[in-house]
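J.: Structure for this input, please:
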Amino acid sequence: MPISSTGSAVATPVESSKSAIAWGPIFGGAVAATGISLILILFGSGLGLTMISPWSGESSSAATVGISAAIWLVVVQWLSAALGGYLTGRLRTKWAAVHTDEVFFRDTAHGFVSWAVATVFVAGFLASSLGSLASTGAQTVGSAAATAGVAGTAAAASSDSSSGGTDMATSYFTDALLRPQQAQARAQNDDGAATAEVSRILLNGAVEGGVPEDDKAYLATIVAARTGLSPQDARARVDAVLKRIEDAKVAAQQAADEARKAAATTALVGSLSLLVGAFISCAAAALGGRQRDEEEDLLVATRY
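T.: Predicted structure coming up:
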């Protein structure tokens, strides 16, 4: 310690030439955590496939499969984080002339960085798989929505072909203005025009959330002319078809709402699991570093 001219001691800070972060143990722990994560995920996928069967009545419920998958992902996150953090702490070299609190902080930071690197690796590896699953789910919901609006697809096609791409709403109101007094005669004489007009009515009802009573009466008139049914039976058929469309729409909305709830639950559980995984990795790295230093001190004392 240097001494000043007045004879008092002057404290000189000691600066290490080495960085406080060791990337070797960090990447080693991250690679180990990534490997164990992939192994456990594949193992869990195999177990999950045993719960699903194409035969009716032999598969577990969707709720059971979803809960089991969420629990398994949490277990995978925690186990891989613990292993990666512990290896990071044990593989580092000892920091000489460093306070115990600083050693604890560095070990904790190394465990956190190792967990972050492993999380990025796993997310990148599974990005394509998760994207494929999300695309499949979106297609499923889209199919349900398409079922609810099946009349709309036909109406759009017929509208494009018959009115040269005229806007659907304009076509619908144009049809309403030009409806003939004797609708049955027109329906019997011009199948194409009647079909296109019915399709546009159904599409407008899907967009507006319901078919007005005058449109229902007009549809019943066309159905009676085309099928030979009585006005009462034609109206009953119109109501039955509209009820099926409404049921399909409600089913699609329920499926979308269930998907939204499942996605929200998955996001919340996943974020909580990641936070706990980060804590476990930090604690495991601190434990591994302390055990390494204790064993090294024991060896030095034995040799001395």
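J.: Quickly find the element holding residue 65.
T.: helix 62-91 (DSSP states H and E).
J.: swap that for residue 249, please
T.: helix 231-303.
J.: just checking, residue 242 touches residue 206?
T.: No - with contact defined as CB atoms under 8 Å, residue 242 does not reach residue 206; the gap is 10.1 Å. Quick note: C-beta positions are derived from backbone N, CA and C, even for glycine.
J.: So for the spatially closest residue to residue 89 that is not a sequence neighbour, what's the pLDDT?
T.: In space, and not counting its chain neighbours, residue 89 is closest to residue 288: 2.7 Å by CB to CB, 6 or more residues apart in numbering. pLDDT recorded at residue 288 is 91.
J.: And residue 39, by the same measure?
T.: So, for residue 39, pLDDT stands at 89.
J.: And for residue 192?
T.: Listed pLDDT for residue 192 reads 68.
J.: again, but for residue 119
T.: pLDDT recorded at residue 119 is 90.
J.: and residue 122, how many neighbours does it have?
T.: Using other CB atoms under 10 Å, residue 122 is surrounded by 20 other residues.
J.: Then the one 5 residues further on?
T.: One way to gauge burial is a neighbour count; for residue 127, by other CB under 10 Å, it gives 10.
J.: Determine the three-state secondary structure at it.
T.: Following DSSP: H, G, I helix; E, B strand; the rest coil, residue 127 is assigned to helix.
J.: go on, residue 96?
T.: coil.
J.: returning to what we had before: correct me, but the residue nearest to residue 89 touches residue 110?
T.: No - using CB under 8 Å, residue 288 is not in contact with residue 110, being 9.4 Å away.
J.: Low-confidence bits of the stretch 201-304 of the chain, can you list those?
T.: In the prediction, the stretch 201-304 of the chain carries residues with pLDDT under 70 at positions 296-304.
J.: please redo it, this time with the cut-off set to 80
T.: Applying pLDDT under 80 to the stretch 201-304 of the chain flags the ranges 201-210, 215, 218, 221-229, 262-263, 266, 295-304.
J.: on that earlier part again, now the helix holding residue 65: mean pLDDT?
T.: Rounded mean pLDDT across helix 62-91 is 85.
J.: That helix: which residues count as buried?
T.: 69-70, 72-74, 76-91 (16 or more other CB atoms under 10 Å).
J.: For that helix, name the packing helices and strands.
T.: helix 23-50, helix 100-148, helix 231-303 (3 or more CB pairs under 8 Å, 6 or more residues apart in numbering; DSSP states H and E).
J.: got the ones you listed as JSON lines, with distance to residue 197 columns?
T.: Listed next are those as JSON lines, based on distance: least, CB to CB, whole Å:
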{"stretch": "helix 23-50", "distance to residue 197": "50"}
{"stretch": "helix 100-148", "distance to residue 197": "21"}
{"stretch": "helix 231-303", "distance to residue 197": "14"}
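J.: Flag every buried residue along the host helix or strand of residue 215.
T.: Per DSSP H and E, residue 215 falls inside helix 213-227. For helix 213-227, the neighbour count (16+ other CB under 10 Å) marks 215-216, 218-226 as buried.
J.: Residue 211 belongs to a strand?
T.: No - counting by three-state DSSP, residue 211 is not found in a strand; it is coil.
J.: Just give the closest residue to it, not the sequence neighbours.
T.: Nearest non-adjacent residue to residue 211 (CB to CB, 6+ apart): residue 205, at 3.6 Å.
J.: Send me the helix or strand that contains the one you found as CSV with only the CA atoms.
T.: Residue 205 belongs to helix 191-208 when elements are defined using DSSP H and E. What follows is helix 191-208, C-alpha atoms only, in CSV (Å, rounded to 0.1, in the frame of the first residue of the first chain):
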residue,chain,number,x,y,z
ASP,A,191,-82.6,-20.0,-62.0
GLY,A,192,-79.2,-18.2,-62.2
ALA,A,193,-80.6,-14.8,-61.1
ALA,A,194,-82.7,-16.3,-58.3
THR,A,195,-79.8,-18.3,-57.0
ALA,A,196,-77.5,-15.2,-57.1
GLU,A,197,-80.1,-13.0,-55.3
VAL,A,198,-80.7,-15.6,-52.6
SER,A,199,-76.9,-15.8,-52.0
ARG,A,200,-76.6,-12.1,-51.7
ILE,A,201,-79.5,-12.0,-49.2
LEU,A,202,-77.8,-14.7,-47.1
LEU,A,203,-74.5,-12.9,-47.3
ASN,A,204,-76.0,-9.6,-46.2
GLY,A,205,-77.7,-11.4,-43.3
ALA,A,206,-74.4,-12.8,-42.2
VAL,A,207,-72.7,-9.4,-42.3
GLU,A,208,-75.6,-7.6,-40.6
